[in-house]
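Student: Show me how the following folds:
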Amino acid sequence: MLDEYKRKRNFRASPEPNGNNSLNKENFADPAAASISTDDHSRSKSRPRFVIQKHEATRLHYDFRLESTKEDVLLSWVIPKGPSLDPSIKRLAIQTEDHPVEYLSFEGVIPEGNYGAGTVIVWDIGEYSLEKNSSTKYPTKEHLEEIPEVSDVSELEKKYGKITFVLYGKKLRGKFSLVKTRTKNQWLLIKLKDEFARGSNNSDKSDEKDITKNRPESVLTGKKNSDLTQYKSDKTVKKDLKTGNNIIKYSAEIPENPNTLDTLGDHNLDTVNLVSTNRSLKQISFEEIRPMLPSLTDEPFNNKDWIFEIKWDGVRAITLVDRLTKTCTIKSRRGDTITLRYPELVHTFKNALKEDMFKDFVILDGEIVILDNDGSPNFQNHQKRMNIDSIKSIEILSELYPAVYYVFDILYLDNNNLMQLPFTERRKILVKLVKNSNSKIRISDFVEEFGIDAFETIRKMGLEGIIGKQRNSKYHSGSRTRDWLKIKNIKTQDCLVIGYTWGEGNRKSYFGSLLLAAIDNTQNNTQTNTNNNNKNVNSKNDIDNLRFIGHTGSGFSFENLSLIHKKLREIEIPYCPVDYIPYLNRETVWVRPIVVIEVKFNGWTGNKIMRAPIFLRLREDKPPGQCVIEFSSPMHSPKFADIIKKEERGDLKITNNKNGDPIADLDQQYSNLKKEFWSATEYRSAITKGDLMEYYDKISELLLPYLRDRPVSLSRYPDGIYGKAFYQKDWKNIKPYYVRTVKVYSESNNDEINYIVCNNKETLLWLVNLGCIEIHPWNSRVNNYDQCNKMDVIETEECGLNYPDFIVFDLDPYINIDNENESKEPAYSLGAFRTTVDIALSLQGIFDELNIKSYLKTSGKTGLHIFVPIINKYTHKQTREFAQIISQILNKRNPGQITTEWKTTNRKGKVFLDYNQNSIGKTLASVFSTRPVEDAIVSVPLTWEELADIIPTDFTIKTVPGLYKRKINPWKDILSHKQDLEEILARISYFKV
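Tutor: Numbering: from 1, shown residues only. Below you'll find the predicted structure:
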């Protein structure tokens with residue numbers, strides 16, 4: 001049982017228990033204070049024991065161990081984030097080798113060079129008892145059955161993959177469950193609801209929920225991990241690191257005003273201790289190191305604590321330069337040795353580093369890049385070198401397409417592990433190490449603080465993007481972290497090919513399109529670091545997290561078609577390698593998911609499908625296990641980030657520069673910007689009121705032309721979409737001076753209603769601050785405010801409000817509705833939406849026959865809105881009569897498919913066409929308006945050509961500003977393209993239904 005444990009450890013060098021002795025219960029630390037009041041579980045000395053050890057190694061984690069009295073071992077799991085007392089939080093638990101029972105009370109330091117090197121404390125200890133496991137739900141049928149009582153935890157672990165237990169610890173008490181997932185060795189640790197649970201539904205304070213932060217100490221000694229470390233850095237103690245004949249002086253502190261990389265080496269550098277090992281690290285460390293990977297974010301930012309580098313379009317490479325043997329070894333991101341393919345780099349490395357800086361070896365991280373004549377990276381030329389093994393061919397290609405190694409990090413210097421130093425300290429050493437007199441080995445320059453300017457520069461140069469690095473960040477081998485961020489010029493994704501369809505025409509001998517997948521790390525609802533370098537995804541059992549993400553059939557040259565097709569024919573399999581594919585275009589040939597390609601695309605749908613992916617290239621330098629779905633995390637715009645900070649300080653006051661005048665106080669107070677308006681979902685974080693205001697701030701230039709001079713009805717959600725909502729038309733309160741209103745006589749109320757008119761961004765943001773998630777304008781405009789304000793009725797052209805600019809057609813699918821709930825809106829369904837699309841296209845066909853120009857937008861929920869712009873000399877009554885005529889024509893062309901029934905239950909199974917929207921005072925959600933639905937969808941303008949392929953849930957608060965910044969607004973001429981209703985009616989008289 002302990003063979004693997006013993007194989008991994010050298011007990012002459014490590015103080016860990018060797019597994020040859022047993023720890024008697026009499027010697028076990030008694031957790032007397034841990035007794036709890038749980039039914040049928042009074043304290044008993046016969047209970048098995050548990051321990052949770054806080055282990056600060058390469059990364060801090062928690063080791064959870066349950067004693068098996070039957071096997072006389074500790075079953076062990078690594079919990080990266082530690083246990084939680086919140087039942088809504090599921091913690092990833094990775095099962096590891098069994099440990100000896102003596103490990104229950106182990107605390108100490110595992111020296112560098114040993115497996116698990118770092119500090120270990122007993123974070124919690126106690127006893128546990130097993131429970132029946134029916135109380136925890138699991139989303140697969142095999143785990144829903146009730147598990148009978150068993151006497152030992154090892155039986156549950158092996159047979160059922162589910163363990164429910166009660167902990168009697170000093171810190172953790174109550175019921176927990178360990179539930180095995182479909183991924184090998186991966187479990188979830190879940191706190192069950194009981195009197196010891198903590199979370200959002202409990203009255204406990206928020207700062208008490210995370211017990212790992214509030215109780216960091218050992219329960220045996222009261223010490224923290226930092227108290228045990230052998231290696232303490234003291235800024236007041238000056239020591240020198242001797243490397244060869246040179247002495248490097250440097251400090252862990254970052255200069256307050258550091259300059260660019262070119263001048264970093266000129267600073268007077270203080271000292272810091274390094275963790276030194278006692279044995280050679282050349283092979284062990286070099287073989288184990290994997291590149292640190294950046295996380296994706298959506299836009300550049302400025303921050304004085306960050307630096308920004310070019311994201312080189314090349315091959316990531318870890319390099320070992322050995323001075324003693326005078327050799328250089330280059331390893332790819334996959335872990336393959338690629339030294340022979342770059343002889344020009346090997347020769348250059350021998351002379352590119354200052355020999356007096358090291359005696360033995362250095363390990364560097366960088367990117368191998370092939371440059372064009374103009375100095376730009378050319379990955380297409382690089383691909384010509386990537387799989388060549390012929391020495392003669394390599395020599396020729398190295399002359400034709402010479403490589404440059406851009407080095408941006410140093411990981412080892414002799415036996416000194418530099419990875420725990422701050423990033424800027426590592427760069428200072430790097431600057432001193434690399435000679436300036438070579439053109440093949442170059443230090444990758446960086447820009448400090450100003451990421452937005454850096455990104456704009458590389459965008460103009462047509463480069464791939466930038467990498468942002470936190471100045472104090474350590475190097476986490478093989479992990480994807482938030483300490484490094486990548487901001488791309490275009491969206492790209494590494495994909496695994498899982499199948500292909502046969503081509504047609506000139507591609508009939510090849511494939512037509514490729515089916516793509518990637519690893520979805522969100523399925524376990526964890527945020528663990530991604531370290532899949534060694535993951536084998538060549539068998540169906542090892543790719544449970546692989547998810548279909550789309551098709552691509554464009555971007556291929558005939559050279560690529562032939563090469564990829566040949567690879568795929570050799571790895572065909574008889575089954576689909578993913579669990580679910582929502583659609584197939586045609587008959588598909590399935591393949592083992594090992595071929596990696598990179599595509600560019602326009603964004604993600606709500607169902608995690610790429611929009612319009614286009615093939616860029618094969619990525620034979622990247623391992624299949626690193627093809628992880630990358631969703632960007634949003635960065636607040638500086639404006640609203642500042643607003644939120646000011647709100648927290650209580651000194652928020654918004655000002656604006658008006659018409660070039662000195663900044664004038666708008667008498668405007670934004671409030672509660674951090675309040676959640678949309679709760680977090682599986683695919684995104686929570687959306688706050690501040691996020692909503694930021695959206696309308698970004699989109700205001702596109703939105704305001706469609707609001708100007710139009711009364712708006714307020715739809716207010718002061719507590720977000722799940723709180724109480726109400727409509728408001730009449731504004732009787734005090735308002736800022738920049739907010740305009742118009743008085744409109746209401747026959748139903750026999751009174752004047754004071755409507756707000758939204759004519760500027762200040763008013764728009766003021767409305768959002770009131771909780772207006774959606775904006776509802778009239779279809780008509782005020783021609784003369786004085787005339788409207790004087791009128792008892794609004795029937796005259798002078799006022800204008802009875803003379804709309806549009807005839808509107810509101811289509812809503814009632815395909816799936818509840819007969820018993822007449823007020824219930826139809827639930828969103830992609831199938832129902834497609835039915836609405838068919839009716840809309842039929843309506844467009846009628847418009848085309850009548851030579852009517854129409855404009856289209858999504859409703860932001862389930863339907864579509866079609867607008868016909870007209871000369872505003874016709875009344876609402878006339879436009880409604882026209883809309884009714886068109887609806888009758890549409891109904892005859894689509895019998896039984898549409899309805900104009902007012903009663904909701906009579907609409908079931910049909911698309912509802914509401915021509916009554918053409919009435920005075922009726923409103924629809926504006927174009928670019930957000931909607932109060934779970935996915936934070938936006939009503940967006942579309943071309944008719946786009947309608948066949950879009951999914952409404954693609955257009956959200958997060959995606960729309962960037963999307964419509966890049967594309968032409970389909971509604972850009974709707975306000976000027978006015979049509980005469982009389983001419984249209986004349987054409988209808990000759991129209992054949």
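Student: Could I get the buried residue list for stretch 940-954?
Tutor: Within stretch 940-954, the residues that count as buried by 16 or more other CB atoms under 10 Å are 940-942, 944, 947, 950, 952-954. Yep, even glycine has a C-beta here, placed from its N, CA and C like the rest.
Student: domains for the chain, by residue range?
Tutor: 3-228, 247-294+309-447, 492-626, 636-802, 803-927+971-993 (automatic domain parsing).
Student: Turn those domains into CSV, including distance to Y475 and mean pLDDT.
Tutor: Shown next, in CSV, are the domains of the chain (distance: least, CB to CB, whole Å; pLDDT from 0 to 100):
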stretch, distance to Y475, mean pLDDT
domain 3-228, 10, 77
domain 247-294+309-447, 4, 78
domain 492-626, 13, 78
domain 636-802, 27, 77
domain 803-927+971-993, 45, 85
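Student: tell me the strands in the stretch 751-900 of the chain, going along the chain?
Tutor: 751-757, 772-777, 806-814, 855-858, 864-869, 898-899 (DSSP state E, counting those that start in this stretch).
Student: Columns mean neighbour count and distance to D227 on top of the ones you listed, output as JSON lines?
Tutor: As requested, those are exported to JSON lines (neighbours: other CB atoms under 10 Å; distance: least, CB to CB, whole Å):
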{"stretch": "strand 751-757", "mean neighbour count": "18", "distance to D227": "62"}
{"stretch": "strand 772-777", "mean neighbour count": "24", "distance to D227": "51"}
{"stretch": "strand 806-814", "mean neighbour count": "23", "distance to D227": "65"}
{"stretch": "strand 855-858", "mean neighbour count": "23", "distance to D227": "59"}
{"stretch": "strand 864-869", "mean neighbour count": "22", "distance to D227": "65"}
{"stretch": "strand 898-899", "mean neighbour count": "20", "distance to D227": "74"}
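Student: Next, format these as TSV and append distance to N783.
Tutor: Listed next are the strands of the stretch 751-900 of the chain as TSV, based on distance: least, CB to CB, whole Å:
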stretch	distance to N783
strand 751-757	12
strand 772-777	15
strand 806-814	16
strand 855-858	22
strand 864-869	17
strand 898-899	35
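Student: Show me the one of those that comes nearest M461.
Tutor: Checking these against M461 by CB to CB gives strand 855-858 as the closest, at 36.4 Å.
Student: just how off-centre is stretch 371-382 within its chain?
Tutor: Centre-to-centre, stretch 371-382 and its host chain are 31 Å apart (CA atoms, centre = their mean, to the nearest Å).
Student: and it, which residues are buried?
Tutor: 371, 377-379, 382.
Student: one step back: between the domains of the chain, which gets nearest to N302?
Tutor: domain 636-802 (7.1 Å).
Student: Does F833 touch I815 like I think?
Tutor: No. Judged on CB atoms under 8 Å, F833 makes no contact with I815 at a distance of 9.1 Å.
Student: For the buried residues of stretch 940-954, work out which two are farthest apart.
Tutor: Farthest pair in the buried residues of stretch 940-954 (CB to CB) is W944 and T953. Separation: 20.0 Å.
Student: Report the beta-bridge partners for V78.
Tutor: D63, I94 (DSSP bridges).
Student: My error: substitute L618 in the last question.
Tutor: Beta-bridge partners for L618, by DSSP bridges, are I597.
Student: residues contacting it?
Tutor: For L618, the contacting residues are 383, 560, 563-564, 595-598, by CB atoms under 8 Å, 6 or more residues apart in numbering.
Student: Now, of the residues you listed, which are buried?
Tutor: Buried members of the contacts of L618, scored by 16+ other CB under 10 Å, are 383, 560, 564, 595-598.
Student: right, so of the strands of the stretch 751-900 of the chain, which gets closest to F556?
Tutor: Closest approach to F556 among the strands of the stretch 751-900 of the chain is made by strand 855-858 (32.4 Å; CB to CB).
Student: chain center to the closest one, what's the gap?
Tutor: Distance, centroid of strand 855-858 to centroid of chain: 29 Å (CA atoms, centre = their mean).
Student: just stretch 440-457 next, same as before
Tutor: Taking CA atoms, centre = their mean, the mean C-alpha location of stretch 440-457 is offset from the chain mean by 24 Å.
Student: what's that stretch in contact with?
Tutor: Here stretch 440-457 has contacts from 258-262, 300-304, 306-310, 312, 344-345, 348-349, 352-353, 366-367, 402-408, 430-431, 434, 465-466, 468-469, 487, 489, using CB under 8 Å, 6+ apart.
Student: In PDB, list the C-alpha atoms belonging to the strand or helix carrying F165.
Tutor: For F165, the element it lies in under DSSP states H and E is strand 162-169. What follows is strand 162-169, C-alpha atoms only, in PDB (Å, rounded to 0.1, in the frame of the first residue of the first chain):
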ATOM      1  CA  LYS A 162     -18.300   8.700  -2.700                       C
ATOM      2  CA  ILE A 163     -17.600   9.200   1.000                       C
ATOM      3  CA  THR A 164     -19.800  11.100   3.500                       C
ATOM      4  CA  PHE A 165     -18.400  11.600   6.900                       C
ATOM      5  CA  VAL A 166     -18.600  13.700  10.100                       C
ATOM      6  CA  LEU A 167     -15.400  15.400  11.200                       C
ATOM      7  CA  TYR A 168     -14.600  16.000  14.900                       C
ATOM      8  CA  GLY A 169     -11.700  18.300  14.500                       C
END
